[in-house]
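Colleague: pasting the structure only:
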Ligand code: TYM
């Protein structure tokens, strides 16, 4: 989807995103207070990403809750396109997915679209993608998913599991639909044009595994929604339940505007970054501050456009601490240097701990693979 001010597609997120407008354009629903209180009742606690509105939109999440309340469990499905190292933006939906897995006690299918990432970029070789596939899987495992309830599906290796389903899907989606939904051009290679059914297929894999219609909930940032739109349109025609979604916003890059992205590495914090790199990137971050200390004390700053504020809010501050930070920032009682120091002090141990889990994960890969 593209408007004058911003673009959100599975391959590009740019500009100053208006999430309310996006809900309208994509035709999704805002997560209501009522839905939140139902989740709280089932799980006993509301995850901060729900409470703070980081996960803000959905398609039929309420129906998943109704089925769950009736005793019908769903599967979770999410994924990764292995085009580079993992950054903190990727971790947010995965940390949330882990919370859902734990609280609802459900299975998860995690797709690695190595085919997509090979096809998308003219210069990328299958070997490049394969290297990131292995590395990214370590990050995924390091998030802490339950090995007994999680299966990682690598497209090029596990294609036999999804190929028959993807054929059923492909047969029912026309070229003009994918052109309109994904913006494919005459110059787009036909591998990309034929790829959407491959990402759609795991939506129905749980029904095949369980041998009965099994609902699926997809937690991901809203950039992936175009896939689900076309999949939902054909689901019932081929005898499967429509996949449901819960959508997050984007963690901004340290340069603000658009999302944190591996393709602008100086504005992304990777799980493999050294302490020096983290220090440097945070020091160079664009903030919502004034040009001088005097002006900042006098006029206050704008936390709304400041990535440092949002990183602290979504990853490290409590809600109360974050609200107080916002107040002090607006009132000119807080200088950007202080927030940057807070973020460095919180990020460095977080990444150091994650790196240890990542190392350990190298020996656990087999537990998560399909046979
Ligand atoms: P990929 O690898 O681009 O992104 C992986 C996941 O991270 C989310 N994401 C972000 N979330 C918050 N802030 C950001 N800055 C940010 N950047 C990326 C994405 O929404 C995604 O959830 N084609 C997909 C892989 C895939 C998939 C799926 C994703 C296959 N099946 C099912 C979600 C659900 C891709 O390349 O994602």
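Modeller: Noted; the coordinates are in hand. Remember, it's a predicted structure, so these values are computed and weren't measured experimentally.
Colleague: mean confidence score for stretch 315-333?
Modeller: Taken as a whole, stretch 315-333 has an average pLDDT of 96.
Colleague: touching that stretch from outside, list them.
Modeller: When contacts are taken as Cβ atoms under 8 Å, 6 or more residues apart in numbering, the neighbours of stretch 315-333 outside the stretch itself are 48, 51-52, 88, 92, 288, 296-303, 306, 309, 312-313, 334, 339, 342-343, 346-347, 350. C-betas here are computed from N, CA, C, even on glycine.
Colleague: what does stretch 143-150 give?
Modeller: Stretch 143-150 is contacted by residues 91, 94-95, 97-98, 101-102, 105-110, 141, 357, 364, 367-368 when judged by Cβ under 8 Å, 6+ apart.
Colleague: now which of the contacts of stretch 315-333 would you call buried?
Modeller: Buried by 16 or more other Cβ atoms under 10 Å: 48, 52, 88, 92, 288, 296, 300-301, 303, 306, 309, 312-313, 334, 339, 342-343, 347, 350, out of the contacts of stretch 315-333.
Colleague: ok, which of the residues you listed also contact the ligand?
Modeller: Contacts with the ligand within the buried ones among the contacts of stretch 315-333, as defined by Cβ under 6 Å from any ligand atom: residue 92.
Colleague: select from the buried ones among the contacts of stretch 315-333 every entry located in helices.
Modeller: Among those, the members found in helices (DSSP state H) are 48, 88, 92, 296, 309, 339, 342-343, 347, 350.
Colleague: in CSV: those, plus distance to residue 195.
Modeller: Formatted as CSV, those follow (distance: Cβ to Cβ, whole Å):
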residue, distance to residue 195
48, 34
88, 27
92, 25
296, 48
309, 37
339, 41
342, 42
343, 37
347, 34
350, 34
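Colleague: of those, closest to the ligand?
Modeller: Nearest to the ligand among these is residue 92, at 5.1 Å by Cβ to the nearest ligand atom.
Colleague: could I get the average pLDDT for stretch 66-79?
Modeller: The average of the pLDDT scores along stretch 66-79 is 96.
Colleague: typo on my end, stretch 20-38
Modeller: 96.
Colleague: kindly report the same for stretch 344-361.
Modeller: Taken as a whole, stretch 344-361 has a mean pLDDT of 98.
Colleague: how distant is that stretch from the center of its chain?
Modeller: Put simply, stretch 344-361 sits 19 Å off its chain's centre (Cα atoms, centre = their mean, to the nearest Å).
Colleague: and stretch 30-46, by the same measure?
Modeller: With Cα atoms, centre = their mean as the basis, the distance from the averaged C-alpha position of stretch 30-46 to the chain average is 20 Å.
Colleague: hang on, the earlier thing: going through the contacts of stretch 143-150, which ones are buried?
Modeller: Buried members of the contacts of stretch 143-150, counted by 16+ other Cβ under 10 Å: 91, 94-95, 97-98, 101, 106-110, 141, 357, 368.
Colleague: which of those fall in strands?
Modeller: Cross-referencing these against strands under DSSP state E gives 108-110.
Colleague: go back to those residues and keep what's next to the ligand.
Modeller: Residues of those in contact with the ligand (Cβ under 6 Å from any ligand atom): none.
Colleague: ok, those residues vs residue 214, which is closest?
Modeller: Closest to residue 214 out of these is residue 109 (10.9 Å), distances taken as Cβ to Cβ.
Colleague: helices of the stretch 1-150 of the chain, start to end?
Modeller: With DSSP state H, counting those that start in this stretch, the ranges of helices along the stretch 1-150 of the chain come out as 19-26, 33-43, 48-51, 61-69, 88-104, 114-120, 126-142.
Colleague: past the last one, which element shows up next along the chain?
Modeller: Of the helices and strands lying after helix 126-142 in sequence (DSSP states H and E), the nearest is strand 150-154.
Colleague: now do the nearest residue to residue 244 once chain neighbours are set aside, the pLDDT please.
Modeller: Taking Cβ to Cβ, 6 or more residues apart in numbering, and ignoring the residues beside it in sequence, residue 244 has residue 60 as its nearest neighbour in space, at 4.0 Å. You'll see residue 60 listed with a pLDDT of 98.
Colleague: please apply the same query to residue 2.
Modeller: Checking the pLDDT column for residue 2, the value is 48.
Colleague: what's the neighbour count on residue 331?
Modeller: Other residues within reach of residue 331 by the criterion other Cβ atoms under 10 Å amount to 12.
Colleague: okay, it and the ligand: tell me how far apart.
Modeller: Here residue 331 is placed at a distance of 29 Å from the ligand (Cβ to the nearest ligand atom, to the nearest Å).
Colleague: for residue 100, same thing?
Modeller: Distance from residue 100 to the ligand, by Cβ to the nearest ligand atom: 13 Å.
Colleague: show me what contacts that residue?
Modeller: Under the criterion of Cβ under 8 Å, 6+ apart, the contact list for residue 100 reads 76, 106, 217, 219.
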